[in-house]
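Trainee: I'll drop the sequence and a predicted model, then ask my questions.
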Amino acid sequence: IYSEEKHMLQKLLAIDEDFGHKVYQHANAAKHVKLFADLISISGDEVVWFGLPAVLGSILFVMRGLGAFRTMGCLEEGMWDCFGAASVCIFVETACKWVFKRKRPEYSPQSKVYSVPGEWFSFPSGHSLRAFYWPFWLSRSKFVGLLSPLISFPRARYCIPWAACVGWSRVAKGRHYPLDVVVGAAVGSAVGWFTEDYLDGLGRSVVKVIGGIFITYFYGITFLIPQVSGDESAGAASKYGVAYYGFYVLLFFATLPKDFESMGAQTLSDDGSSCNT
């Protein structure tokens, strides 16, 4: 029985790889399709959903420390909320990739620069996971709801076509196989519903803080510190890590509202009218 199941799995993976290769060839045969795949893939990238909130949140934090703001504003809190959500996605993605360790497609060139350990594995697709997580955040976050009079955010179901396009783009670019994308979409939807809809404020806070600590740690150790120091040795990581993590520990406590809900607790008043400070 085990032998038959293994044979069926190998056959399924072979079909998956063949179909993914055909999608990749078709997308690269037309310049406009390739360009669309590149652009839509960027919209689901870590730089957009993780990097930008981290940078903007840090800038607002420093400005508040310099006296520009007396209390944490809704925009700063929203950036940490988004940062925490992206961190949860990366935490789940990394855990899955280290379990399955599926190699990325060999029929296309792959990036050699990775920010988090395990990113070089293929299953599941992190872009697809994030893309199907974000509709829950966009449509159910109290912070986003506060902006609704100014910006009309769509409900989750209206974001599904964009999320599906992000998943397709990863296959079209040769970064993933179709099965990676399908499973990533399912996992992202499940994690998005659980984190943003099922959990209460405290639960969201705990989950997103754990995710934030994880991604901050591994991003610093594997990417930022070696790049800045020019030395990938453990000693260099320890040396520069003192300043790196010292800053983020201070940042963590400095961004805690007085009710100790942070990084995704969505600490708005119950009527959604203002941020708690």
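Mentor: Structure received. Numbering: from 1, shown residues only.
Trainee: got any ranges where this structure has weak pLDDT?
Mentor: 1-2, 69-74, 113, 115, 140-157, 218-277 (pLDDT under 70).
Trainee: can you map out the helices along it?
Mentor: Listed in chain order, the helices of the chain (DSSP state H) span 2-29, 31-42, 46, 52-65, 74-100, 126-140, 142-147, 156-172, 178-192, 201-219, 225-229, 234-254.
Trainee: For Lys112, find the nearest of those.
Mentor: helix 225-229 (13.5 Å; C-beta to C-beta). C-beta: built from backbone N, CA, C; applies to glycine.
Trainee: picking up where we left off before, dump the helices of the chain to JSON lines, plus mean neighbour count and distance to Ser111.
Mentor: Formatted as JSON lines, the helices of the chain follow (neighbours: other C-beta atoms under 10 Å; distance: least, C-beta to C-beta, whole Å):
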{"stretch": "helix 2-29", "mean neighbour count": "13", "distance to Ser111": "15"}
{"stretch": "helix 31-42", "mean neighbour count": "15", "distance to Ser111": "12"}
{"stretch": "helix 46", "mean neighbour count": "21", "distance to Ser111": "12"}
{"stretch": "helix 52-65", "mean neighbour count": "17", "distance to Ser111": "19"}
{"stretch": "helix 74-100", "mean neighbour count": "23", "distance to Ser111": "14"}
{"stretch": "helix 126-140", "mean neighbour count": "26", "distance to Ser111": "12"}
{"stretch": "helix 142-147", "mean neighbour count": "18", "distance to Ser111": "31"}
{"stretch": "helix 156-172", "mean neighbour count": "20", "distance to Ser111": "12"}
{"stretch": "helix 178-192", "mean neighbour count": "22", "distance to Ser111": "15"}
{"stretch": "helix 201-219", "mean neighbour count": "20", "distance to Ser111": "16"}
{"stretch": "helix 225-229", "mean neighbour count": "15", "distance to Ser111": "15"}
{"stretch": "helix 234-254", "mean neighbour count": "14", "distance to Ser111": "22"}
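Trainee: Would you mind putting those into JSON lines with distance to Gly118 alongside?
Mentor: As requested, the helices of the chain are exported to JSON lines (distance: least, C-beta to C-beta, whole Å):
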{"stretch": "helix 2-29", "distance to Gly118": "19"}
{"stretch": "helix 31-42", "distance to Gly118": "19"}
{"stretch": "helix 46", "distance to Gly118": "14"}
{"stretch": "helix 52-65", "distance to Gly118": "20"}
{"stretch": "helix 74-100", "distance to Gly118": "4"}
{"stretch": "helix 126-140", "distance to Gly118": "10"}
{"stretch": "helix 142-147", "distance to Gly118": "30"}
{"stretch": "helix 156-172", "distance to Gly118": "16"}
{"stretch": "helix 178-192", "distance to Gly118": "13"}
{"stretch": "helix 201-219", "distance to Gly118": "9"}
{"stretch": "helix 225-229", "distance to Gly118": "17"}
{"stretch": "helix 234-254", "distance to Gly118": "18"}
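Trainee: And these: which comes nearest Ser108?
Mentor: Proximity to Ser108 (C-beta to C-beta) singles out helix 2-29 among these, at 5.8 Å.
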